[in-house]
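Colleague: Sequence isn't available, so here's the structure alone:
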């Protein structure tokens, strides 16, 4: 097992983690501020990927595709918020789960209707498609480095937005006290729509960016959504910092577990058995991590409140 | 002090910089009603939560029936006979009055692990629940859902549930709240008789009720007890007048 | 509006009458549909105990459904391939006997529910939803990577398992077995709702502080309810596997969890036969809408949205008034 392989895998884990962060950040904001659990967040991710693939196919411009993906996801988010989600803020979690589950069905089948059942492909633009040589002679795909950069930049921007700006202060006020913020004259329903749109745009961005390294297909959103839930459980609901750290922990655990657990098992098992046992265990590694965090801190690493 | 049923010693609890209770020492003796009064935000609810086990104090101890119960859970203290009522009624609103009272009986008997036999047909549980309902005068309303009861009736139901536990002490959190003059008067008379059953630690805002009922009063201000004494002593206390009654009247 | 008890009887009678009629008129597909609905109903009755009585919004019940299914699959696979399940100092053989499979499926599901319930109940609310969903997904990925039992492709069982004294290859007989189990479990549920435990569990959902104040531990009550709930859904999973003679990771998927929850809601939460009505309605929608349009999930989604936003009591709530709480 070489150092190069380890560094490569760490970078892969980091890249996976920051993409999860784009999903988890929106979810955790929406839950933290509005108290809403949104299963349809994965559909927004899928919409981002499909729109990016379609726009890139038409125009050939990757940047335009990304912008269209974010815009489409944000528009879908705003529509859904105004038509359905708005009625659910005061409802119990069960209603939220069911209504957003219904939205998944509608979005998934609707997408299948429009785009068909075959996966689409989104090409990485040639300027950032090749490998790049890192210090120490490691060859690594430039595109994945770009993803890491974008993810970290979004994280930094969100952190700044929440802690330093006027809208961030309103968001935090909304988390603590809805009446108070309404009394201050902030239009709470516009604020909610804005937060929802922001979360949706981030999900769309993630879908578009990941769509270029995976196939774009119906149902791609939900596995990512569930991983984002794991991230939030680990990081703590409502915390952007928790979402970032949770995402990176999950990304690294999943990627490194898949590579190293079979190797580890080979130390004391026959290779074939080790491969299969290691792979099985690796598939559960992040959930075991989640269970461990739950035993240690039931409200997550940075979670302030039980929800 | 050895004959105290329930006693706290040096109870302190802080939330950040706020000292919600600060070195609170008080006791409840057999047969008495000991009232705790104090302005809003004085730490009364925090005190009750520590006595009943919902909050762990930062320092100090709670003794019940001669045993240190500081580390015991709410259910464990309840099983020992520490019964409480809540400021905002905590009842199963969709269930009937009888069912709520039976819940107390199930808890008192300590065995909810029976899955097949209807609880209303269990003679032992039923007898306990019926007796408690009769004692508070709710028997005619046994079949009603809690959501159909008046405020005052819900208070009585809380007491009935407490009675099924055959309590050794009651802790009541503002039972008069929201009752109106008539209701307060009726409940005051009822509590006066109830003290024969077990002593009552009564946290209350309603001064008429407190002065009518209390054998002793403790005044809690900013988390500290500034005075404990008989009704007359409290009425005469300059410190209390200054800190509490003066501001209120 | 009709009394709920009457509705329950009508629903259960119809669920028996239709496949019986089908067996006389040689319509095996109708029997298969009825069996499917019956098994889904059983899974949903299980979830309803956690959801309706205990207030635990579990989005991971596919986990128990899948465990039940794989228990059947693994035991029958070893029996049909004549390989021991466990070799070594103690040899354990597979089996084709339904009662044994059911017992093992329920036991394993109960154990899983105990572990997952104990972990998940450390939290509440939305954490609970996410965690149960995540544990379901964990088993989904685990079975995909578990190559000894077919991995992603799943396991096929050539012949339906056996039940002493009954030819299970006759569709109506297998239906009758499933139906019998469903009725047994509903009877258990009805009694259980009125027992001391049911009373305490109901109260724990409505007012945990009150339950604590009478000396009971609401978390422990909920955990036991979660185990009962998981056990029943696990049994349904074993039957479902036998109906299809096939198990695959799909049984563990989040869609399965969502669908089991849809059965409960479609019918009516915390109603005794809500899950039955919901499962039957779902299977009928699947059959008829699915025949009309490839994209019938859109209509299902819209229907579900309408129910959540406008008809909180589900289908049972539309036609039956609620009886006295627990007379």
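Modeller: Looks like it arrived, so ask away. Owing to the predicted nature of the structure, the values given are computational and were not obtained by experimental measurement.

Colleague: Check whether the longest helix anywhere in chain A comes close enough to chain C to count as a contact.
Modeller: Assignment by DSSP state H gives helix A:3-34 as the longest helix of chain A. Yes. Legend: contact between helix A:3-34 and chain C by C-beta under 8 Å from any C-beta of the partner chain is shown at residue A:31. (Glycine included, C-beta is placed from N, CA and C.)

Colleague: nearest spatial neighbour of residue C:309, skipping sequence neighbours?
Modeller: residue A:87 (6.0 Å; C-beta to C-beta, 6 or more residues apart in numbering or on different chains).

Colleague: Can you get me a residue count around the one you found?
Modeller: Neighbour count of residue A:87, defined by other C-beta atoms under 10 Å in any protein chain shown: 15.

Colleague: Dihedrals phi and psi, the residue nearest the centre of chain C?
Modeller: When chain C is reduced to its mean C-alpha position, the closest residue under C-alpha atoms, centre = their mean turns out to be residue C:43, at 0.9 Å. Dihedral pair for residue C:43: phi -60, psi -40, per degrees, to the nearest 10.

Colleague: Need the pLDDT of the residue nearest to it when sequence neighbours are not counted.
Modeller: Sequence neighbours aside, residue C:236 is the residue nearest to residue C:43 in space, at 3.6 Å (criterion: C-beta to C-beta, 6+ apart). pLDDT recorded at residue C:236 is 97.

Colleague: How many residues are close by residue C:236?
Modeller: If we define neighbours as other C-beta under 10 Å, then residue C:236 has 32 of them.

Colleague: Which residues are in contact with it?
Modeller: Contacts for residue C:236 (C-beta atoms under 8 Å, 6 or more residues apart in numbering or on different chains) come out as C:39, C:40, C:42, C:43, C:46, C:65, C:68.

Colleague: Identify each buried residue in the longest helix of chain A, please.
Modeller: Buried residues in helix A:3-34, counted by 16 or more other C-beta atoms under 10 Å in any protein chain shown: A:8-9, A:11-34.

Colleague: can you pull the contacts of the residue in chain B positioned nearest to chain C?
Modeller: Relative to chain C, the nearest point of chain B is residue B:107 (3.1 Å; C-beta to the nearest C-beta). Counting by C-beta under 8 Å, 6+ apart, residue B:107 touches B:75, B:78, B:79, B:164, B:165, C:200, C:211, C:214, C:215, C:216.

Colleague: Touching, residue A:7 and residue A:135? I think so.
Modeller: No. The pair residue A:7 / residue A:135 is not scored as a contact, 10.2 Å apart, by C-beta atoms under 8 Å.

Colleague: gap between the residue in chain A sticking out farthest from the centre and chain B?
Modeller: Within chain A, the residue lying farthest from the chain centre (C-alpha atoms, centre = their mean) is residue A:270, at 37.3 Å. Shown here: residue A:270 relative to chain B, a distance of 47 Å by C-beta to the nearest C-beta, to the nearest Å.

Colleague: List the buried residues for whatever helix or strand residue A:241 lives in?
Modeller: Here residue A:241, judged by DSSP states H and E, is contained in helix A:240-266. Buried residues in helix A:240-266, counted by 16+ other C-beta under 10 Å: A:240-262, A:264-266.

Colleague: where does the residue in the stretch 201-327 of chain C positioned nearest to chain B fall, phi/psi-wise?
Modeller: Residue nearest to chain B within the stretch 201-327 of chain C: residue C:214 (3.1 Å; C-beta to the nearest C-beta). Here is the backbone geometry of residue C:214 (degrees, to the nearest 10): phi -100, psi 10.

Colleague: Assign a three-state SS to the spatially closest residue to it that is not a sequence neighbour, would you?
Modeller: With C-beta to C-beta, 6+ apart as the criterion, residue C:214 has its nearest non-adjacent residue at 3.1 Å, and that residue is residue B:107. Counting by DSSP: H, G, I helix; E, B strand; the rest coil, the backbone at residue B:107 sits in helix.

Colleague: returning to that earlier point: filter the contacts of residue B:107 to the buried ones?
Modeller: B:75, B:78, B:79, B:164, B:165, C:200, C:211, C:214, C:215, C:216.

Colleague: helices or strands up against the longest helix of chain A?
Modeller: In terms of contacts (3 or more C-beta pairs under 8 Å, 6 or more residues apart in numbering or on different chains; DSSP states H and E), helix A:3-34 is packed against helix A:41-59, strand A:138-141, helix A:142-164, helix A:166-176, helix A:188-211, helix A:221-235, helix A:240-266.

Colleague: on that earlier part again, what's the separation between the residue of chain B closest to chain C and residue B:6?
Modeller: As judged by C-beta to C-beta, to the nearest Å, residue B:107 and residue B:6 stand 19 Å apart.

Colleague: same check, this time on residue C:219
Modeller: Taking C-beta to C-beta, one finds residue C:219 at 26 Å from residue B:6.

Colleague: which of those two has more neighbours?
Modeller: Set side by side, residue C:219 and residue B:6 show more neighbours around residue B:6, with 24 against 17, by other C-beta under 10 Å.

Colleague: count of neighbours near residue A:97?
Modeller: Neighbour tally, residue A:97, other C-beta under 10 Å: 23.

Colleague: in the helix or strand hosting it, what counts as buried?
Modeller: According to DSSP H and E, residue A:97 maps onto helix A:93-115. Of the residues in helix A:93-115, A:93-112, A:115 count as buried by neighbour count, 16+ other C-beta under 10 Å.

Colleague: what do you get for stretch C:183-196?
Modeller: Buried residues in stretch C:183-196, defined by neighbour count with 16+ other C-beta under 10 Å: C:183, C:185, C:186, C:188, C:189, C:192, C:193, C:194, C:195, C:196.
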